[in-house]
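*Asks:* Sequence isn't available, so here's the structure alone:
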Ligand SMILES: C[C@H](O)[C@H](O)CC(=O)C(=O)O
Ligand SMILES: [Mg+2]
């Protein structure tokens with residue numbers, strides 16, 4: 001039976017937490033002297049908010065069908081992304097059949113290609129695509145994982161990202177990914193401190209628990225190679241996003257020169273099948289980490305995941321809560337998932353996209369069974385101060 005046509009697309013902006021998970025209060029581990037490409041400037045070293053990491057805020061996209069059913073999604077991009085959704089992308093959806101996902105994606109991408117391709121525009125496209133999947137699921141009364149071919153395993157298994165892998169172990173996660181705190185501009189002393197932190201955590205968690213470093217694009221090839229070799233002594237499982245996302249050549253060389261057994265991972269700031277094709281064909285990494293809210297949405301992630309699968313590369317999406325859980329549960333090359341610890345001290349499991357999602361599931365003992373609620377299985381919290389800057 002044909003689904004009701006799309007009546008309206010609306011884009012809202014929300015401040016504080018949620019999809020823009022770096023928009024946190026003072027004292028949160030996620031904003032405490034984390035190495036970034038801006039760490040070369042001492043005045044921007046202590047806080048990522050100081051250089052504007054949270055300047056955009058959260059984007060909420062709603063798509064309403066003529067029967068009143070609403071699909072929605074949250075991602076980042078804030079007001080500029082809301083402008084793109086309302087003024088440019090909405091025309092490719094309103095009046096159309098919601099199941100035309102491929103054609104809608106194609107039209108959104110190619111109509112914006114002259115100013116888009118990556119970053120903010122693909123972020124906005126991702127938000128629309130996720131809301132469209134949520135709408136189709138809600139109209140068909142099926143969870144998104146069922147639309148994607150169904151579960152290949154009963155439950156999700158998680159590692160945790162946060163400043164306290166030792167506590168993550170107690171909470172039942174299979175591993176802990178810690179932020180790197182000191183970049184190349186902090187010299188040998190910074191390198192020593194990075195290694196001391198790793199050693200401390202290794203001593204606390206024992207030999208077998210996975211420990212990883214998230215370098216958030218902050219290093220150069222020499223530093224990353226040196227860090228990888230020194231960290232090997234403490235059993236570092238992977239080195240993540242060590243270099244600029246544009247430095248495919250650097251990633252290729254880092255992977256070639258990494259110590260045996262240590263994985264090189266990247267991709268959370270990469271977008272589309274073409275960006276990931278570069279990473280895969282140049283053999284830049286062992287795990288690709290697309291963020292489904294940034295890389296082009298589910299429609300594009302299907303293509304990215306298939307490319308990775310054909311190369312025998314794992315695809316472990318970056319964060320993004322329910323939007324990645326529904327995908328990961330359907331893929332053999334995504335054997336585990338990331339959980340981002342949003343508690344300020346990384347000492348308890350709290351919903352990743354709080355306060356924007358109602359009913360957001362969280363891992364218990366590092367595991368999660370997905371329910372069968374339609375769409376992505378969550379509702380939008382309308383009490384978070386939704387602001388629609390560009391009503392039509
Ligand atoms: C901890 C990282 O710096 C960043 O905030 C999150 C991230 O890159 C990840 O979860 O991966
Ligand atoms: Mg990361």
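*Replies:* Looks like it came in fine. The model shown is predicted, which means the values in this text are computed figures rather than measured ones. Ligands and ions are numbered 1, 2, ... in the order given.
*Asks:* what does this structure put close to ligand 2?
*Replies:* 214, 268 (C-beta under 5 Å from the ion). In this view, the C-beta of every residue, glycine as well, is placed from N, C-alpha and C.
*Asks:* Which one of the residues in the chain is closest to ligand 2?
*Replies:* Residue of the chain nearest ligand 2, by C-beta to the ion: residue 214 (4.3 Å).
*Asks:* Skip the chain neighbours and tell me the closest residue to that residue.
*Replies:* residue 240 (4.6 Å; C-beta to C-beta, 6 or more residues apart in numbering).
*Asks:* Show the contacting residues for that neighbour.
*Replies:* Listed by C-beta atoms under 8 Å, 6 or more residues apart in numbering, the contact set of residue 240 reads 177, 212-215, 265-266, 289.
*Asks:* So which of those reach ligand 1?
*Replies:* residue 214 (C-beta under 6 Å from any ligand atom).
*Asks:* Which entries within the contacts of residue 240 meet the buried criterion?
*Replies:* 177, 212-215, 265-266, 289 (16 or more other C-beta atoms under 10 Å).
*Asks:* what about the strands in the stretch 1-150 of the chain?
*Replies:* 6-14, 58-65, 70-76 (DSSP state E, counting those that start in this stretch).
*Asks:* Up against ligand 1, what does the stretch 251-392 of the chain have?
*Replies:* 268, 318-319, 338, 340.
*Asks:* 8 Å instead, please
*Replies:* Contact residues, the stretch 251-392 of the chain versus ligand 1 (C-beta under 8 Å from any ligand atom): 268, 289, 318-319, 338, 340.
*Asks:* Can you name the residue of the stretch 201-350 of the chain nearest ligand 1?
*Replies:* Ranked by C-beta to the nearest ligand atom, the top residue of the stretch 201-350 of the chain for proximity to ligand 1 is residue 216, at 4.0 Å.
*Asks:* one step back: and the residue of the chain closest to ligand 2, bridged to which residues?
*Replies:* Beta bridges link residue 214 to residue 179, residue 240 when assigned by DSSP bridges.
*Asks:* what kind of secondary structure is the residue of the stretch 201-350 of the chain closest to ligand 1 in?
*Replies:* The three-state assignment at residue 216 reads coil, by DSSP: H, G, I helix; E, B strand; the rest coil.
*Asks:* Equivalent analysis for residue 186, please.
*Replies:* helix.
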